[in-house]
Structures are given as C-alpha cells and as structure tokens.
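1. just a sequence and a predicted model for now, questions to come.
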2 protein chains.
Amino acid sequence: MSLHPFDTAIALTSEGDDLWQGHTSAAYANMVGPFGGITAAQALNAVLGHPRRQGEPVAFTVNFAAALADGPFRVQARPARTNRSTQHWIAEMRQGEHTVATATAVTALRRDTWSATEVALPEVPAPQEVPAPTRSGRVEWTKRYDMRFIHGGFPPAWDGAHGDSSRTQLWMRDNPPRPLDFASLTALADVFFPRIWRRRATLTPIGTVSMTIYFHAGQAQLRRTGTGYLLGQAQAQAFRDGYFDQTAQLWNEAGELLVTTHQIVYFKE
Amino acid sequence: MSLHPFDTAIALTSEGDDLWQGHTSAAYANMVGPFGGITAAQALNAVLGHPRRQGEPVAFTVNFAAALADGPFRVQARPARTNRSTQHWIAEMRQGEHTVATATAVTALRRDTWSATEVALPEVPAPQEVPAPTRSGRVEWTKRYDMRFIHGGFPPAWDGAHGDSSRTQLWMRDNPPRPLDFASLTALADVFFPRIWRRRATLTPIGTVSMTIYFHAGQAQLRRTGTGYLLGQAQAQAFRDGYFDQTAQLWNEAGELLVTTHQIVYFKE
C-alpha cells in the first residue's frame, strides 16, 4: 500500500538529540517554495514524534523566515519546559546554516470540562451540494485539497474589482481523503488563498510571516471527524503598510469547532 | 522626575550576548505571579532594546510556561534570521535554570501601502462619558490601568449566571497616562479579564498559556494615539476540555485598528 502524499511529505528521520531531517515535497509545491501549511505540519511533526512529548497540541505558532529551497531540511525541537499537564516547545527549521522557520508549541493533557462554542457553524449547504471547482489550480499543492467554495471563492478575473469584505467560506479536505490528525489539521488551517486577492481581485505577491493555531479538538474529535469535510471560514481584519491579518475557524460537518487560527501576511503592492 | 511604573517594570539590564536581566514588579503583581501582560512586555523589550534589531514589531507570540516567582529573571533574545525587510526573533525567559516563558517575534520595516480595515470601531460612547469603575481591583496590576467598561464588565456577583456571549468592550489606558509604545500596547493586549468569568460568573482559576499579537500600527500611529484611550473588544470563540480562546481588537479613539490579538487560556473547573 502506498503512503498518502501528505504522510510522505511530513515524514521526518530522527538524527537524535532533538534533531530531525525532512525533505521538501514536490506534491505540495507553491509558486515559490512549498505550501506554508506543509512546512507548518513538518515543524509540528518534529514535536508530535518526539519521544519526550506529553499530551496533545493546544497552541502552535510558526514563523516563516524564508522560502524553503527544494531539498532537505533539519528541524530541531526541544521541550523548554515540562509541567504536570503542559509542555512548552521551541523548534527551529534550518537549511544548511540558515534558519527558514521558527516555531513554538504547547502540548497538554486535556480533561473533560464544561464546554461551549460562541461561533457556530455558519448556515451553509452540505459539502455534497457544493460543486467542486471546474478549474484546476495553477500550483501543485492546491491539487492535494478538495476545496468547495460556498462564498468568497477565488476571484473569477484579476480585474481589481474591490469588495468590502474578504470573507471566504468553503468545505475542504485532503485529496485523496485522509483521516484527520493534528498534522493535517495544521496544514488545513493554511489552505485559504490570500485575503488580499479576495478583497482586491489583484494578483498581489504575498507571503505568510507568522501563523498561530489553537486546537480546540482533541484526539476523540479528530477520530469522529475522520475523512469528513471541514468548513473553513477566513477573513482579514486589517490591511496596512504591507501586512494584513487573517482570522479563521475550522468546523467539522457535525458543527464542532476544531480550530481557531490566525496569521499575518506580507504583501507587496 | 520619577519613572512611570510601567517603565520601571519593563527595564532590562544588558548582560551582553543576547542576554538581559530584569526583575518582576510589585506594581504589576497578579494573584499568583505577575500580570501576564507585563511579562509579555518584558520579553518583547529584550527584542526592542537589542542592538541588532531592525524595524518595528509586526508579530509577537509569548508562551507562559510557569508563574514567575517574585525576583530577578533573565531573557535571552536572538535574531534567528535577518532578511532585507524582516527579522525573526526567538526569546526565552528563565528564572535560575527554569524556563518561565518562550517567545517569538517578527520585526519589519513598514512601507506605506493601500490599506483597509474590515472591523470598524464599534459604536460606543466617548471615554469621558463612561464612568470609571467604583470598585478598586483586588489585585495590584489592575490599579495600573484606567478601565471604563461599556459592555460585558466584571461580573457584579459570582452567582454562576450564564450568558451566551463572552464579549467585553471597554476603554482603557495606562494609569497614570503614558504615551503609547509597542511595549505598553503589548501589555494592554492582555488587560481583558478572563472570558470564562464573563461567560459563567464563576471565579474559575485560569492561566493564559499562549498569546499572539499582530501590530497593525507603526510608530506614527502610536505617536498619534499618545496618551489617548484604546477601545478594547474581546470575545471567546470556544471553551472546551480545560482551555478557551480569546480573540480581541484594540482601536485608538480615532478608530484606527492598532492591534489584533489572540490567546488561549487554561481553566480549572
């Protein structure tokens, strides 16, 4: 049985002493360097696979310092502090002597408590009722995702048509389907095309600088979600002086909020 | 002329080689350990004061690994990567041999570009029309802030009265007033009392685990804001299995969105 391309892409080889080696994946290539979501998943995977790791990811921040060159990379991930129920991680990804990404993670043992969700799954049609895009993406990584846009899809033309909202809603999952785990959920949190393209219908060069993911879902919810679709909703709050932010939510089909995530993105006018 | 207590609190002494020494501040003490916002500002200050720092903060994430003990601490802050217009920082705060906080920052040279804000300043009365709270806070740090609650104020009683929204809106600034800078803006991003107290009117033990700040404001906007009030709005998106998130915005009185910020918080039921 052949591995899912995502599993091949995030595979790391231990080099001992908190050090891992990986390789960029042609299957997840972006215009320049890899899809940021796959780099994020690779960095998190160095924590997930670490023999000293305790608990599940609760918070993860990755900072993209440079576009990765095609080829190998190393990730160093070390537990900076281990408490009774939480653990704090620092990770750094390098190619040769150069740092290409930095990251921090918090893993924790979850306990069952009172719970509530304040942002409900938007009223949207079921994934099966939303047609898949007829055009194929121009970059390789977009073929690794089944994206069914409900609202705020990819601009039909680069005609500079300004809207006043950058909101997008879509159903999405791995293509081919793959049971959800923390690594794939991390990559899915970065699937949204740049908010400035949506807002301005202009093909502006961009690059995510920093992304943070809060995992509200534990292993049990991921298992229940399985290979189902996630409803992703993303919107910018501000565009200014070469940077814009994005705030996003990911629910499963049952309406459980799995992730809230944020990023700040450089743009070149 | 005596220093503002905030300046005293965040003062660091260089120990060379990316290393700084600071001291916890009785003026910003919380129930257990210091106010998280002051710890965050101290960590960022090691970047702001670094001789190799280029540009202004764009993104900052701090992870609170343990409550600080009253006394000295060290912060190590190093530039992991310096690009033409961006710089990536890793910082670690220690007391003795123990890591008490980790952080990453991105600083950048800002350029004037097209700009837009998608979350407008809510319709609220002017700060002068909102009375200051009549009760004094029970913890020292709250006395360092002038907080004027408009909506979703501190629960009047711990009677377990459940609402269905955790939203709070308030005008806030340093007390006594102090011209806004990146360090004080960082602390102000953490001023909101815990969303679970607002939502459940129950005095639940909590601790912020990770906080991220995106600075949409540059130096010019901070200067224009001066000692004016900031409108802070905060809301949780989900509470589950011992953790809840908070998403928040800070505008100046002119309606400029200065900061969007997020945190994830541990709670004990």
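-> Everything's here; your move. Numbers count the residues shown, from 1 in each chain, chains lettered A, B, ... in the order given.

2. switch to C-alpha atoms for all contacts and neighbour counts from now on
-> Will do.

3. pull the residues that contact the longest helix along chain A.
-> When chain A is scanned for its longest helix (criterion: DSSP state H), the result is helix A:36-48. The set of residues external to helix A:36-48 that reach it, using CA atoms under 8 Å, 6 or more residues apart in numbering or on different chains, is A:9-12, A:20, A:22, A:28, A:53, A:60, A:62, A:64, A:75-78, A:89, A:91-93, A:103, A:105, A:183-184, A:186-191, A:208.

4. near chain B, list only the ones from these.
-> Within the set of the contacts of helix A:36-48, contact with chain B (CA under 8 Å from any CA of the partner chain) is found for residue A:103.

5. restricted to strands, list the contacts of helix A:36-48.
-> When DSSP state E defines the strands, the subset of the contacts of helix A:36-48 inside them is A:20, A:22, A:60, A:62, A:64, A:75-78, A:89, A:91-93, A:103, A:105, A:208.

6. looking at those, which is nearest residue A:176?
-> If you rank the ones in strands among the contacts of helix A:36-48 by distance to residue A:176 using CA to CA, residue A:22 comes first, at 22.4 Å.

7. what element comes up after the host helix or strand of residue A:220 heading to the C-terminus?
-> In the assignment (DSSP states H and E), residue A:220 maps to helix A:219-225. From helix A:219-225 onward toward the C-terminus, using DSSP H and E, the following helix or strand is strand A:230-235.

8. what helices or strands is that next one leaning on?
-> If contacts are counted by 3 or more CA pairs under 8 Å, 6 or more residues apart in numbering or on different chains; DSSP states H and E, strand A:230-235 sits against strand A:168-174, strand A:243-252.

9. do you know which of those lies nearest chain B?
-> When the helices and strands packed on strand A:230-235 are compared for distance to chain B using CA to the nearest CA, the nearest one is strand A:243-252, at 7.5 Å.

10. quick one: strands adjacent to that closest one?
-> strand A:230-235 (antiparallel), strand A:238-240 (antiparallel), strand A:257-267 (antiparallel) (DSSP bridges).

11. and the contacts of it?
-> The set of residues that contact strand A:243-252 without belonging to it, under CA under 8 Å, 6+ apart, is A:121, A:189, A:195-196, A:225, A:228-239, A:257-267, B:214, B:216.

12. what's the angle between that strand and strand A:168-174?
-> 60 degrees (axes from the mean of the first three to the mean of the last three CA atoms, to 10 degrees).

13. for strand A:243-252, list the C-alpha coordinates in CSV.
-> Taking Å, rounded to 0.1, in the frame of the first residue of the first chain, the C-alpha atoms of strand A:243-252 are listed here in CSV:
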residue,chain,number,x,y,z
TYR,A,243,0.8,43.5,6.1
PHE,A,244,-2.7,42.0,6.6
ASP,A,245,-4.0,39.6,9.1
GLN,A,246,-6.4,36.6,8.7
THR,A,247,-8.6,35.2,11.4
ALA,A,248,-10.2,31.8,10.6
GLN,A,249,-12.3,29.0,12.0
LEU,A,250,-12.5,25.3,11.0
TRP,A,251,-15.5,23.2,12.0
ASN,A,252,-16.3,19.6,11.2
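
14. quick one: buried residues of it?
-> Along strand A:243-252, the positions that meet the burial threshold by neighbour count (16 or more other CA atoms under 10 Å in any protein chain shown) are A:243-252.

15. my guess is residue A:144 meets residue A:26, correct?
-> No: the criterion here is CA atoms under 8 Å, and residue A:144 misses it with residue A:26 at 11.1 Å.

16. what does the stretch 1-150 of chain A put close to chain B?
-> Of all the residues in the stretch 1-150 of chain A, those lying near chain B are A:59, A:61, A:63, A:65, A:80-81, A:87-88, A:90, A:98-100, A:102-104, A:106, A:110-119, going by CA under 8 Å from any CA.

17. where in chain A is pLDDT low?
-> Low-confidence segments of chain A (pLDDT under 70): A:1.

18. now do the same contact list for residue A:58.
-> By CA under 8 Å, 6+ apart, the neighbours of residue A:58 are A:105-108, A:214-216.

19. take those and keep only those in strands.
-> Per DSSP E, the contacts of residue A:58 map to strands at A:105-108, A:214-215.

20. now the two most distant members of those.
-> Taking CA to CA, the two most distant members of those are A:108 and A:214; they sit 12.0 Å apart.

21. okay, the two: which has more neighbours?
-> residue A:214 (26 against 23; other CA atoms under 10 Å in any protein chain shown).

22. picking up where we left off before, quick one: buried ones out of the residues of the stretch 1-150 of chain A next to chain B?
-> Neighbour counting by 16+ other CA under 10 Å classes A:59, A:61, A:63, A:65, A:80-81, A:87-88, A:90, A:99-100, A:102-104, A:106, A:110, A:116-117, A:119 among the residues of the stretch 1-150 of chain A next to chain B as buried.

23. how about the contacts made by residue A:157?
-> When the contact criterion is CA under 8 Å, 6+ apart, the partners of residue A:157 are residue A:201.

24. just the element for it, please.
-> Using DSSP H and E, residue A:157 is not contained in any helix or strand.

25. that one and residue A:198, how far apart?
-> Distance check for residue A:157 against residue A:198: by CA to CA, to the nearest Å, it reads 11 Å.

26. for residue A:74, same thing?
-> Summarising the geometry, the distance separating residue A:74 from residue A:198, computed by CA to CA, is 35 Å.

27. same deal with residue A:63?
-> Counting by CA to CA, the gap from residue A:63 to residue A:198 is 23 Å.

28. can I get the ones in strands among the contacts of residue A:58 in TSV with distance to residue A:137?
-> Below are those laid out as TSV (distance: CA to CA, whole Å):
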residue	distance to residue A:137
A:105	32
A:106	34
A:107	35
A:108	37
A:214	28
A:215	28
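
29. how close does residue A:78 get to residue A:101?
-> 15 Å.

30. quick one, which of the two is more surrounded?
-> Shown here are residue A:78 and residue A:101; by other CA under 10 Å, residue A:101 has more neighbours (26 against 20).

31. my guess is the more buried one is in a strand, correct?
-> Yes: with DSSP: H, G, I helix; E, B strand; the rest coil as the criterion, residue A:101 is located in a strand.

32. residue A:167: how many residues sit nearby?
-> Neighbouring residues of residue A:167 were enumerated by other CA under 10 Å; the total is 20.

33. dig out what the closest residue in space to it that isn't next to it in sequence forms beta bridges with.
-> By the measure of CA to CA, 6 or more residues apart in numbering or on different chains, the closest residue to residue A:167 outside its immediate chain neighbours is residue A:235, 4.4 Å from it. Per DSSP bridges, the residues bridged to residue A:235 are residue A:247.

34. what sits against residue A:235?
-> For residue A:235, the contacting residues are A:165-168, A:195, A:246-248, by CA under 8 Å, 6+ apart.

35. specify the beta-bridge partners of the closest residue to residue A:93 other than its chain neighbours.
-> With sequence-adjacent residues excluded and distances taken as CA to CA, 6+ apart, residue A:93 is closest to residue A:75, at 4.3 Å. The residues listed as beta-bridge partners of residue A:75 by DSSP bridges are residue A:20, residue A:93.

36. doesn't residue A:96 make contact with residue A:75?
-> No: using CA under 8 Å, residue A:75 makes no contact with residue A:96, being 11.1 Å away.

37. so for the two, which sits in the more crowded spot?
-> A count of neighbours by other CA under 10 Å puts residue A:75 above the other of residue A:75 and residue A:96, at 29 against 10.

38. distance of residue A:230 from chain B?
-> Between residue A:230 and chain B the computed distance is 17 Å (CA to the nearest CA, to the nearest Å).

39. wait, that residue touches residue A:172, no?
-> Yes: because the distance of 5.3 Å satisfies CA under 8 Å, residue A:230 is recorded as touching residue A:172.

40. those two - which one has more neighbours?
-> Using other CA under 10 Å as the criterion, residue A:230 and residue A:172 rank with residue A:230 on top: 27 against 23.

41. could you find the closest non-adjacent residue to that one?
-> When the adjacent residues along the chain are set aside, residue A:230 lies closest to residue A:252, with 4.6 Å between them (CA to CA, 6+ apart).
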